[in-house]
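# Got a predicted structure here, sequence first:
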Amino acid sequence: MEATRAEVCAGAIADAFAEDGEIFASPMGLLPTLGVRLAKLTSNPDLLISDGESLLLGGVPPLGEGADVVEGWIPFRRVFDVVAWGKRHVMMGATQVDRHGNQNISAIGDFERPKRQLLGSRGAPGNTVNNRTSYWIPKHSPRTLVDQVDVVSGVGPRRAKAAGAAAARFNDIHRIVTNLGVLDLGGPDDTLRLLSVHPGVTVDEVREQSGCDLYAEGDVPETRSPGLDELVIIREVLDPKELRHREVPAETTR
């Protein structure tokens, strides 16, 4: 059974949460939610997950379906308590991520006169100085992986260290998963490092589709493809409507 690119991405997202243990997972978006729920059913059953609104889930419903088993109440105001406490791993989207791991979801263009207004910083500053943070980028391109973001929303480690111990103490940019590969900030001076390329993608392709330098150590491995049991869970349990392919097209990885 051959995995599609979207399924490889879901597996990579699940792997980002696999070793977190009992922690509140906050995926934002379709593929992050699929990946987190896959992790809950496979590599990390101790994850705490919610419906994204106000309910802690005891079960693991399919994408787009309501809660099947509810085990707690976590309205938005209580999420801020969890953010401050720190036992949380959030995966956000990013319009831009730069080579030092700063994220932009605020605006495109010069800060004084931006060309495009986006969401605004919202919870990104608090997430990145208090909680483990990962990013999902469904379209890896020179416009999304950049040398320097136009506006800093989420804070990378270099900037957090410059701001002092309070900002740097819990700053943890864990993974950046894109439709082409998986990265972290393990490069020199906390810069982007290419950890793996998805099946069917080359390192040269990833570099060509990046607007900044990427560090790589030796031969970059291939992102693992989900196993048969994971593919069955994705296709028959979590996403039988194939919503994943709306975000990443359904071509197979070879």
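Done, it's in. Numbers count the residues shown, from 1 in each chain.

# okay, CA-based contacts and neighbour counts for the rest of this
Will do.

# In whatever helix or strand residue 166 lives in, which residues are buried?
Counting by DSSP states H and E, the secondary-structure element that holds residue 166 is helix 165-168. Of the residues in helix 165-168, those with enough neighbours to count as buried (16 or more other CA atoms under 10 Å) are 167-168.

# so what strands line up beside whichever helix or strand comes after that helix?
Following the chain from helix 165-168 toward its C-terminal end, the next helix or strand by DSSP H and E is strand 172-178. The strands that strand 172-178 pairs with in its sheet are strand 132-137 (parallel), strand 181-187 (antiparallel) (by DSSP bridges).

# Mean neighbour count, those: which tops it?
For the strands paired with strand 172-178, the stretch with the most neighbours on average is strand 132-137, a mean of 24; neighbours defined as mean count of other CA atoms under 10 Å.

# So for the next helix or strand after that strand, mean pLDDT?
Taking DSSP H and E as the definition, the helix or strand that follows strand 132-137 towards the C-terminus is strand 145-146. The average pLDDT for strand 145-146 rounds to 98.

# elements contacting the helix or strand just after strand 145-146?
If you walk from strand 145-146 toward the C-terminus, the next helix or strand you reach (DSSP H and E) is helix 157-163. For helix 157-163, the packing partners by 3 or more CA pairs under 8 Å, 6 or more residues apart in numbering; DSSP states H and E come out as helix 165-168.

# How far off centre is the helix it packs on?
On the basis of CA atoms, centre = their mean, to the nearest Å, helix 165-168 is displaced by 22 Å from the centre of the chain it belongs to.

# so where do the strands sit in this protein?
For the chain, applying DSSP state E gives strands covering 24-27, 49-50, 55-57, 70-73, 88-93, 96-98, 103-104, 107-108, 116-117, 132-137, 145-146, 172-178, 181-187, 191-197.

# okay if I get the strands paired with strand 172-178 as JSON lines plus mean pLDDT?
Listed next are the strands paired with strand 172-178 as JSON lines, based on pLDDT from 0 to 100:
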{"stretch": "strand 132-137", "mean pLDDT": "98"}
{"stretch": "strand 181-187", "mean pLDDT": "98"}
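
# Kindly reformat those as JSON lines and extend each row with distance to residue 85.
Putting the strands paired with strand 172-178 into JSON lines (distance: least, CA to CA, whole Å) gives the following:
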{"stretch": "strand 132-137", "distance to residue 85": "12"}
{"stretch": "strand 181-187", "distance to residue 85": "24"}
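
# Among the ones you listed, which comes closest to residue 205?
Closest to residue 205 of those, according to CA to CA: strand 181-187, at 10.3 Å.

# Give me the distance from that closest one to the chain's centre.
Its chain's C-alpha centre and that of strand 181-187 lie 12 Å apart, by CA atoms, centre = their mean.

# Cheers, nothing more for now.
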